[in-house]
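**Student:** Sequence and predicted structure below; questions after.
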Protein chains: 2
Amino acid sequence: MPNSTSLHFLIDRSLAAPLFEQICAGLRARIISASLPEGAILPPTRALANELGVSRSTVVSAYEQLVAEGYLNGVQGSGYAVLSIGEVELSQRTQTKPRPQIRPAHTPMRPFQAGQPDMRLFPHRQWAQTIARVCRTQPEALLLANDSFGNLDLRISIAAHVQEWRGISATPAQVIITAGSTDAIEICFRALAKHGEPIGLENPGYLPLRRVAENQGLSVENLEIDSNGATLPSSARDIGMVVLTPSQQYPLGGAMPPARRHAFLQWAEKHNVWIVEDDYDSEFRYAGSPIPAMAGIDQLNRTLYVGSFSKIFSNSLRLGYIIAPENLVGRFRDNLHTFGTKASALPQQALANFMQAGEFYRHLRRVRRIYGDRRAFLLGRLEQDFGQYGSFTDHQAGMQVAFHLHNDSPDSLIEERARKYGVTATALSGFQDGKTALNGLLLGFCGFSNEEMSDALSRLKKAIEA
Amino acid sequence: MPNSTSLHFLIDRSLAAPLFEQICAGLRARIISASLPEGAILPPTRALANELGVSRSTVVSAYEQLVAEGYLNGVQGSGYAVLSIGEVELSQRTQTKPRPQIRPAHTPMRPFQAGQPDMRLFPHRQWAQTIARVCRTQPEALLLANDSFGNLDLRISIAAHVQEWRGISATPAQVIITAGSTDAIEICFRALAKHGEPIGLENPGYLPLRRVAENQGLSVENLEIDSNGATLPSSARDIGMVVLTPSQQYPLGGAMPPARRHAFLQWAEKHNVWIVEDDYDSEFRYAGSPIPAMAGIDQLNRTLYVGSFSKIFSNSLRLGYIIAPENLVGRFRDNLHTFGTKASALPQQALANFMQAGEFYRHLRRVRRIYGDRRAFLLGRLEQDFGQYGSFTDHQAGMQVAFHLHNDSPDSLIEERARKYGVTATALSGFQDGKTALNGLLLGFCGFSNEEMSDALSRLKKAIEA
């Protein structure tokens, strides 16, 4: 048996670190550097305590800590021996690294960033008061989800919302709260699409959805867009699911007319296909009432409706929902049981109260009016001053307009130049997978005042003319 | 050109629905039932207004709404014509369905459910006050994430936490807030594993992780468990990533000793493998200090550290984090840019303040003491009264104990019988993929008082003896 080792240990009582931790750190370092080799017996606790001038119990605690960490072995009657730690030469633990510069807290949006609400219009105070009231009266509701599908009050509010605003009859039992609409679509893929199965996605469309699908091992079949929105898949491949934006095609705009909706529903019924209706900004219609959802016409037989609070509230709230056909509720329960929900319970009760008290609708109606004015301003200016550069269709809805360029200087080049002028004008060609005939700019109008847009338009003009 | 049609329309002024909506609904129904066929010209707005006794603008609004919905076509000078809607016979929109019974709001936990904190011990009032203070003083922080990696104050608090509690030196720039630890591991898979690539998962282990990996098109290589935790992969297959629980193997318990940790790190360095360290409950160590994380030894060269607030706070908060090696930060940024974050901004500022004010640590220290007492109680009783049924190892850590059964009546049968007695004793065999030699019960001790456990133990005894 190797002899017990003297440690020539130094304790620094001026350091903030407790003596116990200094002893642990010193022993660890000696074991890692092999100055205490495998099999070495440590000094008896009493001897080391005397040597260091600390209490014996401090040394016992340190030894026991290193036993728990696996550096030492406590042998009954023979004290503590060093265990093998392998042969890696390890760098010593360093002190906290200096904190590097992190990008500034909040980068303000630049005109004409698309799909973003104007958070300056948000009733932060009313929302904070609603949360604070939950804090006072239902503190447990902040941390307890009462169901894997989410807070029941919120699901009741959402069922009432989609009934009134989207023409969908569903019970709260069919409502599943998600961490936003991408999470909702991911859940639909996971619960209903088979691995390797082709799914139909609109092209042009929201390209990150392709990455989500491919990441889940699904292959993507392009649904081309014509003037009536997505077209039926041309290929005979066995498609299991399509994701559509029938209320307002993304990014080109325009609602899918009833004939095309019915053609999709009929085809889905015949071929046993699920339709995911991504209804990302349908509350923003500036003439007449919102156009009823496809899921409302279908009575949810083949349609999974996906809604979101990202456009009315904020993208950072991370709340969306699925309205599932009644006969799929069990399947979604099983799926969420395995994978867990990603939606935080914290905002849910407050959001339910905010909806039930009408604050939500006051806000929605207010921003719809303001966004409508901004839309009218932008479209008027585009017609008046940008007619020679391109054209657009007025769909009287949504949060952005697709401006199709007449000349053939590539939109990506104009996007690049506009960025230098402090303007975000996203190239339409970037929404298309594969060869594209698209050449234009997607211009969001919700996040900016008329003055901001007016100023940005003159910079955009320079970028186009350059 | 077809003649314009008289509609024989009835308006019911006693209904709550506005006249505009009644006209829309009536026209929609006639178009869907084809009593207004494709191509039919609607009565001039003035004529219909007179017929119905409503203002002309009401009729114009209704016609325009149906143009927007795609049922009608507005033809300059010739009025409005019915468009094709396809050949489906559609059911009429029904009224709101009666609300079905939904399961009761909150099912209380049954002893000995594993991995669950006792929310009765949670300082709901202090937490609610912290949130309410954010509501008062920083209402914008409730809805604005200042970075795709999450709230900066929270990332600073987490960097300090892992430095002190887990021995990891990292800057806040390396901290990525996620919607819990499963989301964190999913993000690691997505950012670093190649499609079809084998990844190593512990077996027995947390089986839902297999579904997550397979769902992302990864194949799973089993890492068998011995008395030192996960073993190195035996096969020569080209593994790209392993997920380990070195602080406390799940579900069997026990920390991985330094020798095995170093063997993994050395192997990972040599074969270019990423190690995901799933550190799910390491704060709960009942003797000595927490065992430093593997990522602390490794200085994060090959290790991605995954932490969670699910055990200290609540699973419903849905917040976890990744500590990424510095050279991977850019890769994670790109990935989150494409896929988006799922973590709600709302709780983040409050959690940062809660940690900085020390409330978090007061709570953590308090529950650690109480859970330690409960653990001592359960282990004492198991030793005293259940010795003839099985055995366990005391790892002085974690939230549950693996009780290995001596006899060979299958654990799944005992789990089933215990459920009937109101006791959750999860079968260990259910944590193993494939053929299993495991036969035992996983017993959580954190969520229940000694009295509750005492009572449940006598029922568990009956279930074992039955």
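**Tutor:** Thanks, I have it.

**Student:** Chain neighbours aside, what residue packs nearest to the residue of the stretch 151-300 of chain A found nearest chain B?
**Tutor:** Evaluated by C-beta to the nearest C-beta, the stretch 151-300 of chain A has A:P257 as its residue closest to chain B, separated by 2.8 Å. The C-beta positions use only the backbone N, C-alpha and C, and glycine is treated the same way. Nearest non-adjacent residue to A:P257, counting by C-beta to C-beta, 6 or more residues apart in numbering or on different chains: B:G70, 2.8 Å away.

**Student:** again with A:R374
**Tutor:** Closest to A:R374 by C-beta to C-beta, 6+ apart is A:F445, at 4.7 Å.

**Student:** Now do that neighbour: how many residues are near it, please.
**Tutor:** 25 (other C-beta atoms under 10 Å in any protein chain shown).

**Student:** on that earlier part again, OK, contacts around the residue of the stretch 151-300 of chain A closest to chain B?
**Tutor:** Neighbour list for A:P257: A:N228, A:G229, B:E69, B:G70, B:Y71, B:L83 [criterion: C-beta atoms under 8 Å, 6 or more residues apart in numbering or on different chains].

**Student:** these two touch, right, the fourth one and A:A259?
**Tutor:** What that stands for is B:G70. Yes: contact criterion C-beta atoms under 8 Å: B:G70 and A:A259 qualify, at 7.3 Å.

**Student:** Same drill for those two, tell me which one is more crowded.
**Tutor:** B:G70 (22 against 18).

**Student:** got the contact list for the more buried one?
**Tutor:** Applying C-beta under 8 Å, 6+ apart, we find B:G70 in contact with A:A255, A:M256, A:P257, A:P258, A:A259, A:I291, B:L83.

**Student:** neighbour-wise, which of those residues leads?
**Tutor:** When neighbours are counted by other C-beta under 10 Å, A:P258 leads these with 27 neighbours.

**Student:** Just confirm it contacts B:Y71, I think it does.
**Tutor:** Yes: contact status for A:P258 versus B:Y71: in contact at 5.9 Å, counting by C-beta under 8 Å.

**Student:** Which residues in stretch A:66-78 does the neighbour count mark as buried?
**Tutor:** Across stretch A:66-78, burial judged by 16 or more other C-beta atoms under 10 Å in any protein chain shown covers A:L66, A:V67, A:A68, A:E69, A:G70, A:Y71, A:L72, A:N73.

**Student:** These in helices, which ones?
**Tutor:** Of these, the ones assigned to helices by DSSP state H are A:L66, A:V67, A:A68, A:E69.

**Student:** I figured the second one hits A:Y80, correct?
**Tutor:** Going back to what we said before, that points to A:V67. Yes: with contacts counted by C-beta under 8 Å, A:V67 reaches A:Y80, the gap being 7.1 Å.

**Student:** what comes up buried for the strand ranked longest in chain A?
**Tutor:** Assignment by DSSP state E gives strand A:219-226 as the longest strand of chain A. Under the neighbour-count criterion of 16+ other C-beta under 10 Å, strand A:219-226 has A:V220, A:E221, A:N222, A:L223, A:I225 buried.

**Student:** which of the residues you listed are close to chain B?
**Tutor:** Near chain B, judged by C-beta under 8 Å from any C-beta of the partner chain, there are no entries from the buried residues of strand A:219-226.

**Student:** can you put those residues in JSON lines and add pLDDT?
**Tutor:** Formatted as JSON lines, those follow (pLDDT from 0 to 100):
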{"residue": "A:V220", "pLDDT": "94"}
{"residue": "A:E221", "pLDDT": "93"}
{"residue": "A:N222", "pLDDT": "93"}
{"residue": "A:L223", "pLDDT": "95"}
{"residue": "A:I225", "pLDDT": "95"}
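
**Student:** Closest one to A:D278 out of those, please.
**Tutor:** Nearest to A:D278 among these is A:L223, at 12.5 Å by C-beta to C-beta.

**Student:** OK, contacts around that closest one?
**Tutor:** By C-beta under 8 Å, 6+ apart, the contact list for A:L223 reads A:G200, A:L201, A:E202, A:N203, A:A230, A:T231, A:L232, A:P233, A:V242, A:L244.

**Student:** Quick one: list the elements packing against whatever helix or strand the first one lives in.
**Tutor:** Per DSSP states H and E, A:G200 falls inside strand A:198-203. Packing contacts for strand A:198-203, counted by 3 or more C-beta pairs under 8 Å, 6 or more residues apart in numbering or on different chains; DSSP states H and E, involve helix A:208-215, strand A:219-226, strand A:229-230, strand A:241-244.
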